[in-house]
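S.K.: Let me see the structure of the following:
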Amino acid sequence: MEFLELVQKRYSCREFSAKEVEKEKIEKVLETGRLAPTACNFQPQRILVVTDKEKREELKECTRFTFDAPVILVVCYNKEESWKRKYDGQDEGIVDCSIVSTHMMLQIQELGMGSTWVGSFDPSKAKEILKIPENLEIVNLLPFGYPAEGNVPSAMHEKRKAMSEIVFWNEF
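M.R.: Coordinates of the predicted model:
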């Protein structure tokens, strides 16, 4: 499959089958995240793999968006290791984790599964439930697995702004 086709086919899957994801596929997804570029190659990403059914149920205390996926990746970064921009101190850990998550989402799609980026969650509650250390910041949750039969992209999936609305050449 060509890359553009892969990107076009990927959508936010919000209904998963109960089928377990094979460990080798989870590991391939994680390898894709490990290889993703990060600022100055500091690699501050830390990924917690949640496959335990009880833990996944507990996560419903901090978000309603687990979609009963068989795997939930909790994508974090180590604040003590992430690169900070010298001009204003901006922490690039969020950007690093965004790149990592995007790579993993595309790998998930290429493997015939679905995922969705979840940013709507209570980080304090998630840290408590998952015993995440203070030096780690959660950027997103990434539930994934095999799509439930009949699952289709939302009606908004195909709606995209025209190139002329989002791209400018040399000046705005």
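
S.K.: got a list of what residue 127 touches?
M.R.: 136, 138 (Cβ atoms under 8 Å, 6 or more residues apart in numbering). Glycine gets a C-beta too; all of them are placed from N, C-alpha and C.

S.K.: Can you classify it by secondary structure?
M.R.: Three-state assignment for residue 127 (DSSP: H, G, I helix; E, B strand; the rest coil): helix.

S.K.: so what's it scoring on pLDDT?
M.R.: If you check residue 127, the pLDDT there is 98.

S.K.: same question, the one 5 residues further on
M.R.: Per-residue pLDDT puts residue 132 at 98.

S.K.: can you check residue 28 too?
M.R.: pLDDT at residue 28 comes out at 98.

S.K.: A strand includes it, no?
M.R.: No - assigned with three-state DSSP, residue 28 falls outside any strand and is helix.

S.K.: That one: neighbouring residues, count only.
M.R.: 15 (other Cβ atoms under 10 Å).

S.K.: residues in contact with it?
M.R.: 107, 111.

S.K.: Make 710 the starting number, not 1.
M.R.: In the new numbering, first residue 710, that becomes residue 737.

S.K.: show me where the protein has strands.
M.R.: For the chain, the strands defined by DSSP state E cover 754-759, 780-787, 823-824, 845-854.

S.K.: Break down the chain into its helices, ranges please.
M.R.: Here the chain has its helices, by DSSP state H, at 712-718, 732-744, 762-767, 802-819, 832-839, 872-875.
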